[in-house]
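Q: next comes the sequence, and after it the predicted model I'd like to discuss.
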Amino acid sequence: MRPFPFRSRVLAVASVVAMLVAACGGGSTPAPGSQSAAPPTASATQPASPSGPPAARTPLVVGLGFIPSVQFAQFYLADQAGYYAEEGLDVTFLNEIDANLVPKVGQGQVDIGMSDGTSVIPAVSQGIPVRYVATVYGQFPSIVFGKASSGIAAADDLAGTKLGIPGRYGSSWIMLQALLDSVGLTPEDLDIVEYPDFGQGAAVAQGAVDAATGFVNNEPVQLELSGTDAFVLHVDDAVALPGPGLIVSNGTLESKHDAVEGFVRATLRAMEDIVLDPDKGLDAAIAAVPELGQDRDTQAAILTATITVWRASGAAAQAGLGAIDLEGWEESIEFMTGLGLVPNPVTVDDLVSEEFVPGS
């Protein structure tokens, strides 16, 4: 694992910790592809009718990302196809921002949630009792992107450019620092413009900034669909930051162990289905969120990009869906500790549990 030269780069990143330890903290970077400025009303779906009596099913409240999206197609499909019901589960979905969801999972208000590994590390460091039990995004989805005509092709080309971000917090901010650090740059070497309303993607399209942070399965996809070639810079080769995955509280692991195991198994089953036939996932997403059907081609492109980042890249690419990259977690702990985001020491064993991942 290579050492990281940390200069004066802590800046405002400690605000991530403050957001996570607050039971219902402020806003955070939205889940991949979520660009609305405010969270929507919580939504729920009803699982398919099981063959056994409903009373036999274990209720699970599952927190997904910021807004209902095609990027959650595997959960919608597992629900509609009866995979959760077959596992004896009665699943209710809600949508929540990451900074709120992590403490709610830790408190047991939500049984299972989707969260970035970069949120789990500081949360556990501050005593929130959660564990990451399965990877959903094998590749870190936060990226730097822009128009190919900008001439930016690598991280060192960012020096002196104008770059848009939602704010100096969250997974995208950590990703940006890691990416810059890999080529000896810091945020001070750029002209950073903040877009608290998550309008940095529009700023790229309009030429107001040279590049921006975003999600590999959202903004660059839409930029390409508009007829503009895009560049994308990934952080994975610099630091193996853990992408979004499933988290549960230590208490839920004990009290609903079998239900968690069944949920992970059913979700991975649906992911495999979608890999083989993306239309299954697209149809399930539109059934769950009908407005997505207004632009099926765009949603199909976003889902295709999402499927690509479900599997890890590089040496971890041979691992199956859901696999947890322990070495990447070690590297992330080291990097985030250098940023001042891990005030109390944590180990990988404190953060993850591989028992529910096939073949672990």
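A: Yes, it's here. Residues are numbered from 1 along each chain as shown.

Q: dump the residue contacts of the most centrally placed residue in the chain.
A: Per Cα atoms, centre = their mean, the C-alpha nearest to the average position across the chain is that of residue 244, at 3.2 Å. Residues in contact with residue 244 (Cβ atoms under 8 Å, 6 or more residues apart in numbering) are 31, 32, 65, 114, 115, 116, 117, 136, 137, 141. Placement of C-beta: from N, CA and C, glycine included.

Q: looking at those residues, which are in strands?
A: Mapping the contacts of residue 244 onto strands (DSSP state E) picks out 114, 115.

Q: show me where pLDDT drops low in the stretch 1-150 of the chain?
A: The stretch 1-150 of the chain contains residues with pLDDT under 70 at 1-55.

Q: what about 90?
A: Confidence mapping of the stretch 1-150 of the chain against pLDDT under 90 gives the ranges 1-56, 65-67, 96-100.

Q: how about the helices in the stretch 1-150 of the chain?
A: Along the stretch 1-150 of the chain, counting by DSSP state H, counting those that start in this stretch, helices occupy 15-21, 73-80, 83-86, 98-107, 117-125.

Q: among the ones you listed, which is nearest residue 168?
A: Closest approach to residue 168 among the helices of the stretch 1-150 of the chain is made by helix 15-21 (7.6 Å; Cβ to Cβ).

Q: contacts only, for residue 230.
A: Per Cβ under 8 Å, 6+ apart, neighbours of residue 230: 145, 146, 147, 148, 220, 223, 224.

Q: can you tell me the closest non-neighbouring residue to the residue nearest to the centre of the chain?
A: residue 137 (4.8 Å; Cβ to Cβ, 6 or more residues apart in numbering).

Q: can you give me the strands in the protein?
A: Remark: strands assigned in the chain by DSSP E are 58-64, 89-95, 112-115, 130-135, 142-147, 162-165, 191-194, 211-215, 230-233, 245-249.

Q: columns distance to residue 284 on top of these, output as JSON lines?
A: Shown next, in JSON lines, are the strands of the chain (distance: least, Cβ to Cβ, whole Å):
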{"stretch": "strand 58-64", "distance to residue 284": "13"}
{"stretch": "strand 89-95", "distance to residue 284": "12"}
{"stretch": "strand 112-115", "distance to residue 284": "17"}
{"stretch": "strand 130-135", "distance to residue 284": "19"}
{"stretch": "strand 142-147", "distance to residue 284": "25"}
{"stretch": "strand 162-165", "distance to residue 284": "33"}
{"stretch": "strand 191-194", "distance to residue 284": "36"}
{"stretch": "strand 211-215", "distance to residue 284": "21"}
{"stretch": "strand 230-233", "distance to residue 284": "27"}
{"stretch": "strand 245-249", "distance to residue 284": "18"}
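
Q: mean neighbour count, these: which tops it?
A: strand 211-215 (a mean of 28; mean count of other Cβ atoms under 10 Å).

Q: same question for that one, mean pLDDT?
A: Strand 211-215 carries an average pLDDT of 96.

Q: need the contact partners of it.
A: 32-33, 141-146, 150, 152, 158, 161-166, 172-173, 175-176, 195, 200-201, 203-204, 219-220.

Q: next: stretch 272-291.
A: Stretch 272-291 is contacted from outside by 45, 68-70, 72-74, 76-77, 79-81, 270, 292-293, 296, 299-300, 303-304, 307, 310, 321, using Cβ under 8 Å, 6+ apart.

Q: again, but for stretch 141-151
A: Contacts of stretch 141-151 (Cβ under 8 Å, 6+ apart): 29, 32, 152, 155, 157-158, 161, 163, 171-172, 175-176, 179, 204, 207, 209-217, 219-220, 223, 228-235, 243-244, 309.

Q: where's residue 252 relative to residue 92, distance?
A: Note on residue 252: its distance to residue 92, by Cβ to Cβ, to the nearest Å, is 15 Å.

Q: ok so, going back, narrow the contacts of stretch 141-151 to those that are buried.
A: Buried members of the contacts of stretch 141-151, counted by 16 or more other Cβ atoms under 10 Å: 29, 32, 152, 155, 157-158, 161, 163, 171-172, 175-176, 179, 204, 209-217, 219-220, 223, 230-235, 243-244, 309.
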